[in-house]
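S.K.: no FASTA, just this:
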């Protein structure tokens, strides 16, 4: 019996180990929550812009929006690959894409328009811009990347969290989605002919974007006043409208 108890005691973890594991779990959960809150804050901002354009303008430059926060496994893999210490401060300072928001627009001009609108918000700081539209990556990837600092207001503190914002057109997004799937399947051993076809497809997608932009510009020049959506005010009398404007 004494021998059995000795074996059982030997396999139980030390109390300090359990306590450290609990603290690590709580600390990492809090760390990840900050990124989740930051993406939710950004999604709210973008949602407001999208709704404003849908109700007050002729069209919305925002087609759709998506967000994501990296998994623990993805963070660990990238930290090891980049030689980033798995420490809270190091991850915050050196890994800028733990949280990400992707905005898909109709036209190339809309990409820069949305970027300007977000950059102009008082509580959002754009720290870095990578313009892969003006200077595409060698494989043909095109997108505008912003590294933004988003304030997260907690009960006892304010945390400034970095979020990567990717803004691209529908054609760019379609290409990037396919490229991601191919890279995921083949990794660094992607066949040469697929890489060449992807590059060609990127060129064609860029040409399509340029054509669509020209058509859009021509339509705007034909009817430049079609910027704001009309609102039916038939239920209001002239006196009520005048009163509203004076107020």
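M.R.: Looks like it came in fine. Predicted model, so just to flag it, every value in this text is computed and none were measured. Numbers count the residues shown, from 1 in each chain.
S.K.: going forward, measure contacts between C-alpha atoms and count neighbours the same way
M.R.: Noted.
S.K.: Measure how buried residue 210 is and give me the count.
M.R.: 15 (other Cα atoms under 10 Å).
S.K.: Wait, a strand at it?
M.R.: No - according to DSSP: H, G, I helix; E, B strand; the rest coil, residue 210 belongs to no strand; its state is helix.
S.K.: separation between the closest residue to residue 69 other than its chain neighbours and residue 189?
M.R.: In space, and not counting its chain neighbours, residue 69 is closest to residue 99: 4.5 Å by Cα to Cα, 6 or more residues apart in numbering. Between residue 99 and residue 189 the computed distance is 28 Å (Cα to Cα, to the nearest Å).
S.K.: again, but for residue 88
M.R.: Going from residue 88 to residue 189 by Cα to Cα gives 33 Å.
S.K.: And those two? Which one has more around it.
M.R.: More crowded of residue 88 and residue 189, by other Cα under 10 Å: residue 88, with 11 against 8.
S.K.: Now do the contacts for the more buried one.
M.R.: Applying Cα atoms under 8 Å, 6 or more residues apart in numbering to residue 88 gives the contacts residue 31.
S.K.: Now do residue 180 against residue 169, distance only.
M.R.: Distance of residue 180 to residue 169, given as Cα to Cα: 16 Å.
S.K.: between those two, who's got more neighbours?
M.R.: More neighbours surround residue 169 than the other of residue 180 and residue 169, with 26 against 11 (other Cα under 10 Å).
S.K.: right, and the helix or strand after the helix or strand of the chain with the lowest mean pLDDT?
M.R.: One helix or strand of the chain scores below all others by mean pLDDT, DSSP states H and E: helix 2-11, with a mean of 53. Next in sequence after helix 2-11, counting helices and strands by DSSP states H and E, comes helix 15-56.
S.K.: phi, psi of residue 154?
M.R.: The phi and psi values for residue 154, taken as degrees, to the nearest 10, are phi -100, psi 180.
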